[in-house]
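**Student:** give me a model of this one.
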Amino acid sequence: MVSNLYATGHIIGKDLFFNYGPLAFVEFPECINNNIFLGTIVYLLVKLFLILTIVYLMFSLHHKDNPLKLLFMYIPVGILLICQNYYGIYFGYLLIFIVINLLLIHSIYPKKNLYLYLAIGITSLTGLIKPAFTYLALIIFFSYYICLFYQRRKVIQPYKIFLFLALPYFSIWYLMIGSFKTFPMYLKATIELTIGNSDTMIYGFLHNKLFFVLSIILPVLGIILTLKKRIASIFLIIFLPAILLWLKYVLARVDHIFYEFFQLYFYFLFMPLLFQKDLKKYLLYFSVILLSFECMNIYSTNMTVYNPRQSKTFVSDIFLNNIKANLIPGNIFNCDNIVKFNNKFSTETLNLLKFSPKVLQEIKNQTVDCYPFDMVSIFANGLNWDPRPLFQSYIAYTPWLDLQNQKFFLSAKKAPEYLIWEKMVTDKLQYSNKIDYGYLLNDSSIDNRYLLNDEPLTIKAIFSN
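**Tutor:** The predicted structure follows:
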């Protein structure tokens, strides 16, 4: 993980161009030092806190109802919580869902500002994992805060919001990094990495736009028709800006958009079930959920191979897979086997990428670079690597970064003699444990992005030489 390089003195925005924070290892813990152990413990504690907020919210809404009937009615919400693991839901989303729950609890107990303070503090923590999660959590929080202000209630002072945002963030930052010298560069880099060429990265496009619109409109209509006016307003004010802006973000940033969008969308659909007190309205809204899922299946069909929403059985499949995966949380008990598998996989991949003697004789010890992003073939053949400043094309997010690579390839002194146009090899393993030969994706970048859009100035420099 790139985030592990924080500990070696590398500076985000100068040496590193990956927009994750110093707690990124919790998001995707690997078998590195104590990361897998710490990541799993933190994940389970946060997941437990999420479940507690759901249970507290449930019984706050229906404290006079029969507990067994209550639990039976909200089994769908329980599925969301129980059947998710690292690979089913991003850790940052767990924190965002806790923020949402705390705001909804505060809407029931408006005089208890403790829930608001907790929501602000957890919003702060999301930024240490990935800044994009902070932006999303801030949109949700301030949408609710504006809602409170509009209702003319007594709201907490802005300076208190700032304190509860800043203190947890900078305390953990200092604990992890040891100083604040790199923070201005990190902040500048995370802002720059959200602009520039990011709106031209997408390779696929939406199909069946009517069903795309219906998948958003149906839950909105369901909330309006089945919830009380005040609660419906709070839901729409909290969720709609977040849903729409986050969808815009994932459309621009990644091609497999529904792996990210699905999680927030899923939560958006199921949370209003907690607020349904009438069985008929509950069943009506639950029917809306099923229709929305079907609309998602229809409009996401025929997307690129990276889109996990292609399969009609996606929902049931991911639940079953995540139930199995939760038996070994974070793979904490399977670390040795993962290392062995990765070593075996790496060896087989390196063997597949060996060049013919004729090619190696042609290159000899002259300088080479590899394009667009996978450098493995260089190490598989022991070549003399002459890397460009941003040695993977997909991280040249801004025009300035693109310009640095362009200058490199236009330089008579710095440019490599040879350029390896990467041959992609799939990571698909056959039942015989042999790696299947992949296919050439000559016009594609990582995540099946359109290669010419990743760094257009650099591509122009390459083709002009």
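**Student:** ranking helices and strands of this protein by mean pLDDT, which lands last?
**Tutor:** Sorting the helices and strands of the chain by mean pLDDT, DSSP states H and E puts helix 314-325 at the bottom, at a mean of 51.
**Student:** any low-confidence regions in the stretch 251-400 of the chain?
**Tutor:** 251-260, 299-335, 338 (pLDDT under 70).
**Student:** 90 instead?
**Tutor:** The model of the stretch 251-400 of the chain has pLDDT under 90 over residues 251-271, 274, 276-279, 289-356, 371-380, 390-400.
**Student:** measure Ile289 to Gln157 for me?
**Tutor:** 39 Å (C-beta to C-beta, to the nearest Å). For every residue, glycine as well, the C-beta is placed using N, CA and C.
**Student:** nope, Lys407 is what I meant
**Tutor:** Look at Lys407 and Gln157: by C-beta to C-beta, they are 50 Å apart.
**Student:** Ile98 too?
**Tutor:** 23 Å.
**Student:** compare neighbour counts for those two and give me the winner.
**Tutor:** Taking neighbours as other C-beta atoms under 10 Å, Ile98 and Gln157 compare with Ile98 leading, 24 against 8.
**Student:** list the residues that contact the more buried one.
**Tutor:** Going by C-beta atoms under 8 Å, 6 or more residues apart in numbering, Ile98 touches 46, 49-50, 53, 119, 122.
**Student:** longest helix in the chain, please.
**Tutor:** helix 35-61 (DSSP state H).
**Student:** for the helix or strand following it, which helices and strands make contact with it?
**Tutor:** Going down the chain from helix 35-61, the next helix or strand is helix 67-73, by DSSP states H and E. The contact analysis (3 or more C-beta pairs under 8 Å, 6 or more residues apart in numbering; DSSP states H and E) places helix 67-73 against helix 35-61.
**Student:** Gly21 touches Leu125, doesn't it?
**Tutor:** No: with contact defined as C-beta atoms under 8 Å, Gly21 does not count as touching Leu125 (9.4 Å).
**Student:** distance-wise, check the spatially closest residue to Ile298 that is not a sequence neighbour relative to Ser292.
**Tutor:** In space, and not counting its chain neighbours, Ile298 is closest to Phe211: 4.3 Å by C-beta to C-beta, 6 or more residues apart in numbering. Plainly put, Phe211 is 10 Å away from Ser292 if you go by C-beta to C-beta.
**Student:** next: Asp374.
**Tutor:** From Asp374 to Ser292 the distance is 38 Å (C-beta to C-beta).
**Student:** between the two, which is the more surrounded one?
**Tutor:** Set side by side, Asp374 and Ser292 show more neighbours around Ser292, with 22 against 16, by other C-beta under 10 Å.
**Student:** any idea how far the more buried one is from Tyr394?
**Tutor:** 32 Å.
**Student:** likewise Thr226?
**Tutor:** 43 Å.
**Student:** out of those two, which sits in the busier spot?
**Tutor:** More neighbours surround Thr226 than the other of Thr226 and Tyr394, with 23 against 17 (other C-beta under 10 Å).
**Student:** what residues are up against the more buried one?
**Tutor:** Counting by C-beta under 8 Å, 6+ apart, the residues that Thr226 touches are 272, 276, 278, 281-282, 284-285.
**Student:** distance to Phe355 and secondary structure added to the residues you listed, as TSV?
**Tutor:** Listed next are the contacts of Thr226 as TSV, based on distance: C-beta to C-beta, whole Å; DSSP: H, G, I helix; E, B strand; the rest coil:
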residue	distance to Phe355	secondary structure
Pro272	58	helix
Gln276	63	coil
Asp278	69	coil
Lys281	66	helix
Tyr282	63	helix
Leu284	63	helix
Tyr285	59	helix
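**Student:** which among the residues you listed count as buried?
**Tutor:** Among the contacts of Thr226, those scoring as buried are 272, 276, 281-282, 285 (criterion: 16 or more other C-beta atoms under 10 Å).
**Student:** what segments of the stretch 351-465 of the chain are strands?
**Tutor:** Remark: strands assigned in the stretch 351-465 of the chain by DSSP state E, counting those that start in this stretch are 367-371, 384-385, 418-421.
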